[in-house]
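**Q** What follows is a predicted protein model with its sequence.
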Amino acid sequence: MTTTVQASGSAGRQAQPAPLGRVIFITAAAAMGGFLFGYDSSVINGAVEAIRGRYDIGSAALAQVVAIALIGSAIGAAIAGRVADRIGRIRVMQIAAVLFTISAVGSALPFALWDLAVWRVLGGIGIGMASVIGPAYIAEVAPPAYRGRLASFQQAAIVIGIALSQLVNWGILNLADGDQRGKIGGIEAWQWMLGVMVVPAVVYGLLSFAIPESPRFLISVGKADRAKQVLAQVEGEGTHLDARVAEIEQAMRSEHKSTFKDLLGGRFGLLPVVWIGIGLSVFQQLVGINVAFYYSSTLWQSVGVDPSGSFFYSFTTSIINIIGTVIAMVFVDKIGRKPLALIGSAGMAVSLALVAWAFSAHLVDGKLPHGQGVLALIAAHAFVLFFALSWGVVVWVLLGEMFPNKIRAAALGVAASAQWIANWAITASFPSLSDWNLSATYIMYTVFAALSIPFILKWVPETKGKALEEMG
(Lines give C-alpha, C1' and ligand atoms only; values in the text may rest on other atoms or scores of the structure.)
Protein backbone atom coordinates (compact mmCIF):
# COMPACT_ATOMS: atom_id res chain seq x y z
CA MET A 1 0.00 0.00 0.00
CA THR A 2 1.16 3.51 -0.69
CA THR A 3 -0.40 6.94 -0.36
CA THR A 4 0.15 10.33 -1.87
CA VAL A 5 1.57 13.18 0.14
CA GLN A 6 -1.70 14.97 -0.56
CA ALA A 7 -3.85 12.13 0.78
CA SER A 8 -6.37 12.79 3.51
CA GLY A 9 -5.22 12.16 7.05
CA SER A 10 -1.75 13.48 6.29
CA ALA A 11 -2.17 17.19 6.84
CA GLY A 12 0.91 19.10 7.77
CA ARG A 13 3.60 16.95 6.25
CA GLN A 14 5.80 18.45 3.58
CA ALA A 15 7.84 15.74 1.90
CA GLN A 16 10.93 16.40 -0.13
CA PRO A 17 10.93 14.94 -3.65
CA ALA A 18 11.19 11.19 -3.54
CA PRO A 19 14.75 9.85 -4.06
CA LEU A 20 14.03 8.45 -7.49
CA GLY A 21 17.35 6.72 -7.99
CA ARG A 22 16.80 4.48 -4.99
CA VAL A 23 13.12 3.97 -5.82
CA ILE A 24 13.92 2.99 -9.40
CA PHE A 25 16.49 0.44 -8.20
CA ILE A 26 13.99 -1.07 -5.76
CA THR A 27 11.30 -1.19 -8.44
CA ALA A 28 13.61 -2.70 -11.06
CA ALA A 29 14.76 -5.39 -8.61
CA ALA A 30 11.17 -6.35 -7.78
CA ALA A 31 10.29 -6.38 -11.48
CA MET A 32 12.96 -9.01 -12.17
CA GLY A 33 10.17 -11.51 -11.60
CA GLY A 34 8.59 -10.12 -14.74
CA PHE A 35 11.92 -10.55 -16.52
CA LEU A 36 11.88 -14.24 -15.59
CA PHE A 37 8.36 -14.58 -16.96
CA GLY A 38 9.31 -12.90 -20.23
CA TYR A 39 12.51 -14.90 -20.57
CA ASP A 40 10.75 -18.20 -19.93
CA SER A 41 7.84 -17.31 -22.22
CA SER A 42 10.12 -16.69 -25.15
CA VAL A 43 13.08 -19.00 -24.57
CA ILE A 44 10.86 -22.03 -25.14
CA ASN A 45 10.17 -20.57 -28.59
CA GLY A 46 13.66 -21.59 -29.64
CA ALA A 47 13.28 -25.11 -28.29
CA VAL A 48 9.80 -26.06 -29.55
CA GLU A 49 10.79 -27.80 -32.78
CA ALA A 50 13.81 -29.45 -31.16
CA ILE A 51 11.63 -30.90 -28.39
CA ARG A 52 9.19 -32.16 -31.03
CA GLY A 53 12.04 -33.94 -32.83
CA ARG A 54 13.84 -35.19 -29.73
CA TYR A 55 10.74 -36.89 -28.29
CA ASP A 56 8.88 -37.54 -31.57
CA ILE A 57 5.58 -36.01 -30.46
CA GLY A 58 2.64 -34.41 -32.29
CA SER A 59 1.21 -30.90 -32.02
CA ALA A 60 -1.19 -31.67 -29.16
CA ALA A 61 1.46 -33.25 -26.90
CA LEU A 62 3.98 -30.55 -27.82
CA ALA A 63 1.48 -27.85 -26.85
CA GLN A 64 1.00 -29.40 -23.43
CA VAL A 65 4.73 -29.46 -22.75
CA VAL A 66 5.03 -25.82 -23.81
CA ALA A 67 1.94 -24.69 -21.92
CA ILE A 68 2.16 -26.79 -18.79
CA ALA A 69 4.38 -24.22 -17.07
CA LEU A 70 1.36 -21.93 -17.12
CA ILE A 71 -0.58 -24.33 -14.89
CA GLY A 72 2.20 -23.98 -12.36
CA SER A 73 2.05 -20.22 -12.81
CA ALA A 74 -1.67 -20.21 -12.01
CA ILE A 75 -0.96 -22.15 -8.80
CA GLY A 76 1.87 -19.80 -7.83
CA ALA A 77 -0.25 -16.74 -8.50
CA ALA A 78 -3.14 -18.13 -6.43
CA ILE A 79 -1.03 -18.72 -3.32
CA ALA A 80 1.41 -15.79 -3.54
CA GLY A 81 -0.81 -13.17 -1.89
CA ARG A 82 -1.56 -15.18 1.23
CA VAL A 83 2.02 -16.39 1.57
CA ALA A 84 3.27 -12.80 1.22
CA ASP A 85 0.93 -11.64 3.98
CA ARG A 86 2.38 -14.31 6.26
CA ILE A 87 6.12 -14.21 5.59
CA GLY A 88 6.63 -10.96 3.67
CA ARG A 89 7.04 -9.83 0.09
CA ILE A 90 10.81 -10.30 -0.04
CA ARG A 91 10.69 -13.91 1.17
CA VAL A 92 8.19 -14.74 -1.58
CA MET A 93 10.59 -13.28 -4.16
CA GLN A 94 13.38 -15.44 -2.78
CA ILE A 95 11.26 -18.60 -2.85
CA ALA A 96 10.32 -17.83 -6.46
CA ALA A 97 13.98 -17.39 -7.40
CA VAL A 98 14.93 -20.76 -5.86
CA LEU A 99 12.09 -22.57 -7.64
CA PHE A 100 13.03 -21.06 -10.97
CA THR A 101 16.72 -21.86 -10.53
CA ILE A 102 15.92 -25.53 -9.87
CA SER A 103 13.56 -25.53 -12.85
CA ALA A 104 16.19 -24.09 -15.20
CA VAL A 105 18.73 -26.78 -14.30
CA GLY A 106 16.18 -29.59 -14.52
CA SER A 107 14.75 -28.36 -17.84
CA ALA A 108 18.23 -28.27 -19.36
CA LEU A 109 19.01 -31.83 -18.30
CA PRO A 110 15.76 -33.81 -18.57
CA PHE A 111 15.75 -37.61 -18.49
CA ALA A 112 12.50 -37.84 -20.46
CA LEU A 113 9.55 -35.79 -21.64
CA TRP A 114 7.64 -36.27 -18.38
CA ASP A 115 10.32 -34.79 -16.15
CA LEU A 116 10.84 -31.88 -18.56
CA ALA A 117 7.16 -31.15 -17.96
CA VAL A 118 7.64 -31.44 -14.17
CA TRP A 119 10.53 -28.98 -14.16
CA ARG A 120 8.51 -26.53 -16.24
CA VAL A 121 5.60 -26.75 -13.78
CA LEU A 122 7.99 -26.05 -10.89
CA GLY A 123 9.40 -23.02 -12.67
CA GLY A 124 5.87 -21.92 -13.48
CA ILE A 125 4.97 -21.85 -9.79
CA GLY A 126 7.92 -19.54 -9.16
CA ILE A 127 6.97 -17.27 -12.05
CA GLY A 128 3.34 -17.13 -10.90
CA MET A 129 4.40 -16.09 -7.41
CA ALA A 130 6.70 -13.42 -8.82
CA SER A 131 3.97 -12.15 -11.16
CA VAL A 132 1.72 -11.35 -8.20
CA ILE A 133 4.24 -10.10 -5.70
CA GLY A 134 6.00 -7.77 -8.15
CA PRO A 135 3.06 -5.43 -8.92
CA ALA A 136 1.80 -5.58 -5.31
CA TYR A 137 5.21 -4.72 -3.86
CA ILE A 138 5.81 -1.92 -6.36
CA ALA A 139 2.38 -0.41 -5.63
CA GLU A 140 3.20 -0.44 -1.90
CA VAL A 141 6.60 1.26 -2.14
CA ALA A 142 6.22 3.60 -5.14
CA PRO A 143 5.58 7.33 -4.58
CA PRO A 144 2.06 8.00 -5.98
CA ALA A 145 3.18 10.65 -8.46
CA TYR A 146 5.31 8.05 -10.22
CA ARG A 147 3.34 4.91 -9.41
CA GLY A 148 2.00 4.30 -12.92
CA ARG A 149 5.40 4.57 -14.54
CA LEU A 150 7.06 2.50 -11.84
CA ALA A 151 4.36 -0.15 -12.04
CA SER A 152 5.14 -0.25 -15.77
CA PHE A 153 8.52 -1.71 -14.86
CA GLN A 154 6.83 -5.09 -14.51
CA GLN A 155 5.85 -5.14 -18.17
CA ALA A 156 9.12 -3.50 -19.21
CA ALA A 157 10.97 -6.32 -17.49
CA ILE A 158 8.80 -8.88 -19.26
CA VAL A 159 9.53 -7.47 -22.73
CA ILE A 160 13.25 -7.10 -22.02
CA GLY A 161 13.28 -10.71 -20.87
CA ILE A 162 11.57 -11.73 -24.12
CA ALA A 163 14.05 -9.81 -26.26
CA LEU A 164 17.12 -11.02 -24.39
CA SER A 165 16.00 -14.64 -24.60
CA GLN A 166 15.60 -14.30 -28.37
CA LEU A 167 19.09 -12.83 -28.62
CA VAL A 168 20.56 -15.62 -26.48
CA ASN A 169 18.68 -18.24 -28.51
CA TRP A 170 20.03 -16.73 -31.73
CA GLY A 171 23.57 -16.82 -30.37
CA ILE A 172 23.26 -20.43 -29.23
CA LEU A 173 21.72 -21.42 -32.57
CA ASN A 174 24.68 -19.90 -34.42
CA LEU A 175 27.11 -21.79 -32.18
CA ALA A 176 25.24 -24.96 -33.15
CA ASP A 177 25.50 -24.11 -36.88
CA GLY A 178 21.79 -23.30 -37.14
CA ASP A 179 20.65 -26.66 -35.76
CA GLN A 180 18.44 -26.52 -32.67
CA ARG A 181 19.55 -30.07 -31.87
CA GLY A 182 23.19 -29.44 -32.69
CA LYS A 183 25.65 -30.35 -29.95
CA ILE A 184 27.57 -27.73 -27.94
CA GLY A 185 29.85 -29.26 -25.33
CA GLY A 186 27.96 -32.54 -25.58
CA ILE A 187 24.55 -30.98 -24.93
CA GLU A 188 21.97 -30.08 -27.58
CA ALA A 189 21.44 -26.39 -28.36
CA TRP A 190 17.87 -26.31 -27.08
CA GLN A 191 19.06 -27.60 -23.69
CA TRP A 192 21.52 -24.71 -23.45
CA MET A 193 18.67 -22.32 -24.28
CA LEU A 194 16.66 -23.57 -21.31
CA GLY A 195 19.67 -23.89 -19.00
CA VAL A 196 20.82 -20.30 -19.43
CA MET A 197 17.66 -19.29 -17.55
CA VAL A 198 19.53 -20.08 -14.33
CA VAL A 199 21.43 -16.78 -14.68
CA PRO A 200 18.47 -14.36 -14.37
CA ALA A 201 16.96 -16.58 -11.67
CA VAL A 202 20.09 -16.25 -9.52
CA VAL A 203 20.27 -12.49 -10.20
CA TYR A 204 16.65 -12.12 -9.09
CA GLY A 205 17.38 -13.96 -5.87
CA LEU A 206 20.47 -11.86 -5.12
CA LEU A 207 18.66 -8.58 -5.83
CA SER A 208 15.91 -9.54 -3.38
CA PHE A 209 18.52 -9.27 -0.59
CA ALA A 210 19.34 -5.69 -1.65
CA ILE A 211 15.85 -4.17 -1.39
CA PRO A 212 13.75 -3.37 1.69
CA GLU A 213 10.60 -5.09 2.84
CA SER A 214 7.30 -3.33 2.12
CA PRO A 215 6.49 -0.67 4.76
CA ARG A 216 2.95 -1.99 4.92
CA PHE A 217 4.09 -5.51 5.77
CA LEU A 218 6.61 -4.22 8.32
CA ILE A 219 3.89 -2.28 10.12
CA SER A 220 1.61 -5.32 10.03
CA VAL A 221 4.20 -7.34 11.97
CA GLY A 222 4.98 -4.56 14.48
CA LYS A 223 8.19 -3.21 12.93
CA ALA A 224 7.15 0.43 12.70
CA ASP A 225 10.68 1.82 13.17
CA ARG A 226 11.97 -0.20 10.22
CA ALA A 227 8.91 0.88 8.20
CA LYS A 228 9.83 4.53 8.86
CA GLN A 229 13.32 3.91 7.52
CA VAL A 230 11.90 2.43 4.32
CA LEU A 231 9.36 5.25 3.93
CA ALA A 232 12.18 7.77 4.24
CA GLN A 233 14.04 5.94 1.47
CA VAL A 234 11.14 5.90 -0.97
CA GLU A 235 9.15 9.04 -0.16
CA GLY A 236 11.84 11.52 0.83
CA GLU A 237 13.48 12.57 4.10
CA GLY A 238 10.99 15.40 4.61
CA THR A 239 8.06 13.02 4.89
CA HIS A 240 6.31 13.19 8.28
CA LEU A 241 7.13 9.60 9.12
CA ASP A 242 5.00 9.31 12.26
CA ALA A 243 1.99 10.63 10.34
CA ARG A 244 2.64 8.21 7.48
CA VAL A 245 2.86 5.24 9.81
CA ALA A 246 -0.28 6.36 11.64
CA GLU A 247 -2.06 6.72 8.29
CA ILE A 248 -1.08 3.21 7.21
CA GLU A 249 -2.05 1.78 10.60
CA GLN A 250 -5.44 3.51 10.44
CA ALA A 251 -6.07 2.09 6.98
CA MET A 252 -5.03 -1.38 8.17
CA ARG A 253 -7.30 -1.25 11.22
CA SER A 254 -10.27 -0.80 8.92
CA GLU A 255 -9.42 -3.93 7.01
CA HIS A 256 -8.44 -7.54 7.61
CA LYS A 257 -6.28 -10.04 5.79
CA SER A 258 -8.04 -10.83 2.59
CA THR A 259 -9.24 -14.33 1.77
CA PHE A 260 -11.25 -15.75 -1.08
CA LYS A 261 -14.40 -15.40 1.00
CA ASP A 262 -13.91 -11.62 1.00
CA LEU A 263 -14.27 -11.64 -2.79
CA LEU A 264 -17.74 -13.16 -2.64
CA GLY A 265 -21.05 -11.33 -2.48
CA GLY A 266 -21.62 -9.91 -5.91
CA ARG A 267 -24.50 -10.61 -8.25
CA PHE A 268 -22.57 -13.36 -10.03
CA GLY A 269 -20.75 -14.77 -7.01
CA LEU A 270 -17.72 -12.49 -6.95
CA LEU A 271 -17.66 -8.75 -6.29
CA PRO A 272 -17.95 -6.65 -9.49
CA VAL A 273 -14.43 -5.22 -9.15
CA VAL A 274 -13.02 -8.76 -8.98
CA TRP A 275 -14.84 -9.70 -12.19
CA ILE A 276 -13.37 -6.59 -13.82
CA GLY A 277 -9.89 -7.69 -12.77
CA ILE A 278 -10.51 -11.17 -14.14
CA GLY A 279 -11.85 -9.65 -17.37
CA LEU A 280 -8.73 -7.52 -17.80
CA SER A 281 -6.50 -10.53 -17.26
CA VAL A 282 -8.45 -12.78 -19.62
CA PHE A 283 -8.77 -10.25 -22.44
CA GLN A 284 -5.04 -9.56 -22.22
CA GLN A 285 -4.39 -13.19 -23.15
CA LEU A 286 -7.30 -14.00 -25.47
CA VAL A 287 -5.99 -11.61 -28.13
CA GLY A 288 -3.25 -14.21 -28.65
CA ILE A 289 -0.23 -12.15 -27.68
CA ASN A 290 1.75 -15.07 -26.29
CA VAL A 291 1.43 -16.97 -29.55
CA ALA A 292 3.89 -14.37 -30.83
CA PHE A 293 6.38 -15.32 -28.13
CA TYR A 294 5.86 -19.07 -27.65
CA TYR A 295 5.43 -20.07 -31.28
CA SER A 296 6.64 -17.26 -33.55
CA SER A 297 9.60 -19.24 -34.93
CA THR A 298 7.36 -22.22 -35.68
CA LEU A 299 4.66 -19.92 -37.09
CA TRP A 300 6.95 -18.20 -39.58
CA GLN A 301 8.53 -21.49 -40.60
CA SER A 302 5.03 -22.87 -41.29
CA VAL A 303 4.49 -20.20 -43.95
CA GLY A 304 7.84 -20.70 -45.63
CA VAL A 305 10.37 -18.61 -43.70
CA ASP A 306 13.68 -20.44 -43.11
CA PRO A 307 14.74 -21.15 -39.49
CA SER A 308 17.36 -18.38 -39.33
CA GLY A 309 14.86 -15.89 -40.73
CA SER A 310 12.19 -17.03 -38.28
CA PHE A 311 14.53 -16.41 -35.34
CA PHE A 312 15.36 -12.98 -36.77
CA TYR A 313 11.68 -12.02 -37.06
CA SER A 314 11.10 -13.24 -33.50
CA PHE A 315 13.86 -10.92 -32.33
CA THR A 316 12.54 -7.91 -34.28
CA THR A 317 9.12 -8.55 -32.75
CA SER A 318 10.76 -8.36 -29.33
CA ILE A 319 12.36 -5.02 -30.18
CA ILE A 320 8.96 -3.66 -31.26
CA ASN A 321 7.59 -4.96 -27.97
CA ILE A 322 10.18 -2.95 -26.04
CA ILE A 323 9.46 0.21 -28.06
CA GLY A 324 5.73 -0.08 -27.37
CA THR A 325 6.35 -0.64 -23.67
CA VAL A 326 8.50 2.50 -23.46
CA ILE A 327 5.69 4.46 -25.14
CA ALA A 328 3.24 3.16 -22.56
CA MET A 329 5.56 4.03 -19.67
CA VAL A 330 5.79 7.60 -20.94
CA PHE A 331 2.05 8.10 -21.34
CA VAL A 332 0.38 5.91 -18.68
CA ASP A 333 0.50 8.69 -16.06
CA LYS A 334 -0.11 11.48 -18.59
CA ILE A 335 -3.21 10.39 -20.48
CA GLY A 336 -4.46 7.66 -18.15
CA ARG A 337 -5.02 3.93 -18.21
CA LYS A 338 -8.32 3.72 -20.10
CA PRO A 339 -7.34 5.86 -23.13
CA LEU A 340 -4.21 3.78 -23.66
CA ALA A 341 -6.20 0.56 -23.40
CA LEU A 342 -8.76 1.78 -25.94
CA ILE A 343 -6.08 2.86 -28.42
CA GLY A 344 -4.44 -0.53 -28.07
CA SER A 345 -7.67 -2.49 -28.47
CA ALA A 346 -8.56 -0.70 -31.71
CA GLY A 347 -5.05 -1.09 -33.11
CA MET A 348 -4.87 -4.77 -32.19
CA ALA A 349 -8.26 -5.51 -33.78
CA VAL A 350 -7.22 -3.97 -37.09
CA SER A 351 -3.76 -5.57 -37.07
CA LEU A 352 -5.11 -9.03 -36.22
CA ALA A 353 -7.74 -8.77 -38.94
CA LEU A 354 -4.98 -8.04 -41.48
CA VAL A 355 -2.92 -10.98 -40.22
CA ALA A 356 -5.97 -13.24 -40.56
CA TRP A 357 -6.53 -12.08 -44.14
CA ALA A 358 -2.85 -12.57 -45.05
CA PHE A 359 -2.82 -16.11 -43.68
CA SER A 360 -5.96 -16.96 -45.66
CA ALA A 361 -3.91 -16.99 -48.87
CA HIS A 362 -3.00 -20.34 -50.44
CA LEU A 363 0.64 -21.28 -49.98
CA VAL A 364 2.77 -21.45 -53.11
CA ASP A 365 5.61 -23.98 -52.77
CA GLY A 366 5.02 -23.92 -49.04
CA LYS A 367 5.22 -20.12 -48.83
CA LEU A 368 2.77 -17.23 -48.65
CA PRO A 369 2.55 -15.10 -51.83
CA HIS A 370 4.96 -12.19 -51.55
CA GLY A 371 2.32 -9.50 -50.95
CA GLN A 372 0.51 -11.43 -48.23
CA GLY A 373 3.81 -12.45 -46.66
CA VAL A 374 4.96 -8.84 -46.34
CA LEU A 375 1.55 -7.80 -45.00
CA ALA A 376 1.59 -10.64 -42.45
CA LEU A 377 4.98 -9.51 -41.14
CA ILE A 378 4.01 -5.83 -40.93
CA ALA A 379 0.62 -6.52 -39.35
CA ALA A 380 2.09 -8.99 -36.84
CA HIS A 381 4.63 -6.41 -35.73
CA ALA A 382 1.90 -3.74 -35.55
CA PHE A 383 -0.19 -6.05 -33.36
CA VAL A 384 2.69 -6.48 -30.92
CA LEU A 385 3.30 -2.71 -30.90
CA PHE A 386 -0.33 -1.87 -30.09
CA PHE A 387 -0.43 -4.53 -27.38
CA ALA A 388 2.81 -3.34 -25.80
CA LEU A 389 1.82 0.33 -25.68
CA SER A 390 -1.50 -0.51 -24.07
CA TRP A 391 -2.71 -3.77 -22.56
CA GLY A 392 0.77 -5.08 -21.83
CA VAL A 393 1.42 -2.26 -19.36
CA VAL A 394 -2.06 -1.03 -18.44
CA VAL A 395 -3.32 -4.37 -17.11
CA TRP A 396 -0.40 -4.72 -14.69
CA VAL A 397 -0.85 -1.12 -13.53
CA LEU A 398 -4.60 -1.49 -13.03
CA LEU A 399 -4.31 -4.80 -11.18
CA GLY A 400 -1.88 -3.21 -8.74
CA GLU A 401 -4.17 -0.22 -8.18
CA MET A 402 -7.86 -0.91 -8.70
CA PHE A 403 -8.79 -3.18 -5.80
CA PRO A 404 -9.85 -1.84 -2.37
CA ASN A 405 -7.23 -2.32 0.34
CA LYS A 406 -9.20 -4.95 2.20
CA ILE A 407 -9.29 -7.36 -0.75
CA ARG A 408 -6.22 -6.33 -2.75
CA ALA A 409 -3.98 -9.34 -2.10
CA ALA A 410 -6.68 -11.96 -2.63
CA ALA A 411 -8.23 -10.20 -5.62
CA LEU A 412 -4.86 -9.73 -7.31
CA GLY A 413 -4.15 -13.42 -6.81
CA VAL A 414 -7.45 -14.45 -8.41
CA ALA A 415 -7.00 -12.06 -11.34
CA ALA A 416 -3.43 -13.20 -11.94
CA SER A 417 -4.52 -16.85 -11.78
CA ALA A 418 -7.19 -16.12 -14.39
CA GLN A 419 -4.50 -14.57 -16.56
CA TRP A 420 -2.33 -17.67 -16.36
CA ILE A 421 -5.25 -19.98 -17.11
CA ALA A 422 -6.24 -17.90 -20.16
CA ASN A 423 -2.59 -17.88 -21.22
CA TRP A 424 -2.54 -21.66 -20.91
CA ALA A 425 -5.76 -22.02 -22.95
CA ILE A 426 -4.35 -19.95 -25.82
CA THR A 427 -0.90 -21.54 -25.68
CA ALA A 428 -2.17 -25.11 -25.49
CA SER A 429 -4.77 -24.67 -28.24
CA PHE A 430 -2.70 -22.80 -30.84
CA PRO A 431 -0.80 -25.71 -32.46
CA SER A 432 -3.99 -27.69 -33.06
CA LEU A 433 -5.98 -24.62 -34.13
CA SER A 434 -3.27 -23.53 -36.55
CA ASP A 435 -3.14 -27.04 -38.05
CA TRP A 436 -6.90 -26.76 -38.56
CA ASN A 437 -7.08 -23.19 -39.96
CA LEU A 438 -4.47 -20.53 -39.21
CA SER A 439 -6.56 -17.68 -40.63
CA ALA A 440 -9.64 -18.64 -38.59
CA THR A 441 -7.49 -18.78 -35.47
CA TYR A 442 -6.47 -15.16 -35.98
CA ILE A 443 -10.07 -14.16 -36.68
CA MET A 444 -10.88 -15.51 -33.22
CA TYR A 445 -8.16 -13.34 -31.69
CA THR A 446 -9.51 -10.37 -33.67
CA VAL A 447 -12.98 -10.84 -32.17
CA PHE A 448 -11.58 -10.81 -28.64
CA ALA A 449 -9.62 -7.61 -29.36
CA ALA A 450 -12.81 -5.95 -30.62
CA LEU A 451 -14.85 -7.12 -27.62
CA SER A 452 -12.31 -5.59 -25.25
CA ILE A 453 -13.39 -2.10 -26.39
CA PRO A 454 -16.93 -2.14 -24.91
CA PHE A 455 -15.54 -3.92 -21.86
CA ILE A 456 -13.17 -1.02 -21.18
CA LEU A 457 -15.77 1.65 -21.85
CA LYS A 458 -18.45 0.15 -19.61
CA TRP A 459 -16.63 -1.47 -16.70
CA VAL A 460 -12.96 -0.54 -16.30
CA PRO A 461 -12.29 2.29 -13.79
CA GLU A 462 -9.72 5.03 -14.32
CA THR A 463 -7.15 4.94 -11.50
CA LYS A 464 -4.83 7.69 -12.70
CA GLY A 465 -3.80 10.03 -9.88
CA LYS A 466 -5.75 8.26 -7.13
CA ALA A 467 -4.29 7.07 -3.85
CA LEU A 468 -4.75 3.38 -3.13
CA GLU A 469 -6.92 4.28 -0.13
CA GLU A 470 -9.43 5.85 -2.53
CA MET A 471 -10.03 2.60 -4.44
CA GLY A 472 -13.35 0.84 -3.93
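**A** Perfect, I can see it now. Residues are numbered from 1 along each chain as shown.
**Q** contacting residues for L352?
**A** With contact set as CB atoms under 8 Å, 6 or more residues apart in numbering, L352 has these partners: 287-288, 379, 383, 442, 445-446, 449. The C-beta positions use only the backbone N, C-alpha and C, and glycine is treated the same way.
**Q** quick one: low-confidence ranges for the stretch 251-400 of the chain?
**A** 254-260, 266, 298, 301-309 (pLDDT under 70).
**Q** Would you map the strands across it?
**A** 264-266, 269-270 (DSSP state E, counting those that start in this stretch).
**Q** tell me the pLDDT at E469?
**A** On pLDDT, E469 comes in at 54.
**Q** Which of the strands of the stretch 251-400 of the chain sits closest to G185?
**A** G185 lies closest, by CB to CB, to one member of the strands of the stretch 251-400 of the chain: strand 269-270, at 51.5 Å.
**Q** Y294 and V66 touch, don't they?
**A** Yes. Between Y294 and V66 there is a contact at 5.8 Å, judged by CB atoms under 8 Å.
**Q** re the thing from before, tell me which of the strands of the stretch 251-400 of the chain lies nearest to M193.
**A** M193 lies closest, by CB to CB, to one member of the strands of the stretch 251-400 of the chain: strand 269-270, at 39.7 Å.
**Q** Tell me, how many residues neighbour V393?
**A** Look at V393: counted by other CB atoms under 10 Å, it has 33 neighbours.
**Q** Report the contact partners of the residue lying closest to it once chain neighbours are set aside.
**A** In space, and not counting its chain neighbours, V393 is closest to A328: 3.8 Å by CB to CB, 6 or more residues apart in numbering. The contact partners of A328, by CB under 8 Å, 6+ apart, come to 152, 155, 340, 388-390, 392-394.
**Q** Name the residues contacting each of Y294 and V66.
**A** Contact with both Y294 and V66 is made by residues 44, 48, 427, according to CB under 8 Å, 6+ apart.
**Q** List only those of those residues flagged as buried.
**A** Burial by neighbour count, 16 or more other CB atoms under 10 Å: within the shared contacts of Y294 and V66 this picks out 44, 48, 427.
**Q** What segments of the stretch 101-250 of the chain are strands?
**A** Under DSSP E, counting those that start in this stretch, the stretch 101-250 of the chain gives strands at 183-184, 187-188.
**Q** List phi and psi for E462.
**A** Backbone torsions for E462, taken as degrees, to the nearest 10, come to phi -90, psi 120.
**Q** correct me, but it touches G336?
**A** Yes. Taking CB under 8 Å as the definition, E462 is a contact partner of G336 at 5.5 Å.
**Q** Of those two, which one has the most company?
**A** For E462 versus G336, neighbours defined as other CB under 10 Å are more numerous around G336 (17 against 13).
**Q** separation between the nearest residue to L99 once chain neighbours are set aside and G76?
**A** Excluding its sequence neighbours, the residue lying closest to L99 (CB to CB, 6+ apart) is G126, at 3.3 Å. Using CB to CB, to the nearest Å, we find G126 at a distance of 6 Å from G76.
**Q** Need the residues touching each of these two.
**A** What both G126 and G76 touch, as defined by CB under 8 Å, 6+ apart, is the set A96.
**Q** list the contacts for the spatially closest residue to I75 that is not a sequence neighbour?
**A** Excluding the flanking residues, the one nearest I75 by CB to CB, 6+ apart is I125, at 5.5 Å. Applying CB under 8 Å, 6+ apart to I125 gives the contacts 72-73, 75-76, 99.
**Q** switch to 6 Å and redo it
**A** 72, 75-76, 99 (CB atoms under 6 Å, 6 or more residues apart in numbering).
**Q** What is the lengthiest helix in the chain packed up against?
**A** For the chain, the longest helix by residue count, based on DSSP state H, is helix 408-459. Counting contacts by 3 or more CB pairs under 6 Å, 6 or more residues apart in numbering; DSSP states H and E, helix 408-459 packs against helix 59-87, helix 113-141, helix 272-286, helix 337-359.
**Q** now those in TSV, with distance to N174?
**A** Listed next are the helices and strands packed on helix 408-459 as TSV, based on distance: least, CB to CB, whole Å:
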stretch	distance to N174
helix 59-87	23
helix 113-141	24
helix 272-286	32
helix 337-359	29
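**Q** and of these, who's closest to I160?
**A** helix 113-141 (13.8 Å).
**Q** That closest one vs helix 59-87, what angle?
**A** 40 degrees (axes from the mean of the first three to the mean of the last three CA atoms, to 10 degrees).
**Q** Check which residues of helix 113-141 are buried.
**A** So helix 113-141, judged by 16+ other CB under 10 Å, has buried residues 113, 116-141.
**Q** returning to that earlier point: would you confirm that the residue nearest to L99 contacts F100?
**A** Yes. Look at G126 against F100 with CB atoms under 6 Å: they come within range, at 4.0 Å.
**Q** shared neighbours, E462 and G336?
**A** Common neighbours of E462 and G336, using CB under 6 Å, 6+ apart, do not exist here.
**Q** need the helices for the stretch 151-300 of the chain, in chain order.
**A** 153-175, 189-195, 198-208, 215-220, 224-235, 241-253, 272-286, 291-294, 296-302 (DSSP state H, counting those that start in this stretch).
**Q** rank those helices by mean pLDDT and give me the bottom one.
**A** helix 296-302 (a mean of 70).
**Q** and I335, how far is that from Y295?
**A** 33 Å.
**Q** who has more neighbours, those two?
**A** Taking neighbours as other CB under 10 Å, I335 and Y295 compare with Y295 leading, 24 against 12.
**Q** Report how many residues lie close to the closest residue to the more buried one other than its chain neighbours.
**A** Using CB to CB, 6+ apart and skipping residues adjacent in sequence, the residue nearest Y295 is F430, 5.9 Å away. Residues lying near F430 (other CB under 10 Å) number 24.
**Q** got the contact list for the spatially closest residue to L218 that is not a sequence neighbour?
**A** Nearest residue to L218 in three dimensions, chain neighbours excluded: A227, at 4.0 Å (CB to CB, 6+ apart). Counting by CB under 6 Å, 6+ apart, A227 touches 215, 218-219.
**Q** now those residues as a markdown table including neighbour count?
**A** Output for the contacts of A227, formatted as a markdown table (neighbours: other CB atoms under 10 Å):
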| residue | neighbour count |
| --- | --- |
| P215 | 28 |
| L218 | 23 |
| I219 | 23 |
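**Q** is it true that G128 touches G81?
**A** No. If you go by CB under 6 Å, G128 and G81 don't touch, sitting 11.1 Å apart.
**Q** between the longest helix of the chain and helix 337-359, how many degrees?
**A** 70 degrees.
**Q** how far does helix 408-459 sit from the chain's center?
**A** The chain centroid and the centroid of helix 408-459 are separated by 14 Å, computed with CA atoms, centre = their mean, to the nearest Å.
**Q** again, but for stretch 103-113
**A** With CA atoms, centre = their mean, you get 24 Å for stretch 103-113.
**Q** Just the buried positions in it, please.
**A** 103-104, 106-108, 110, 113.
**Q** In TSV, list those along with distance to M348 and pLDDT.
**A** As requested, those are exported to TSV (distance: CB to CB, whole Å; pLDDT from 0 to 100):
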residue	distance to M348	pLDDT
S103	31	94
A104	32	93
G106	36	94
S107	31	92
A108	35	92
P110	36	91
L113	35	89
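**Q** Just the closest of those residues to V374, please.
**A** For these, the nearest to V374 is S107 (36.2 Å; CB to CB).
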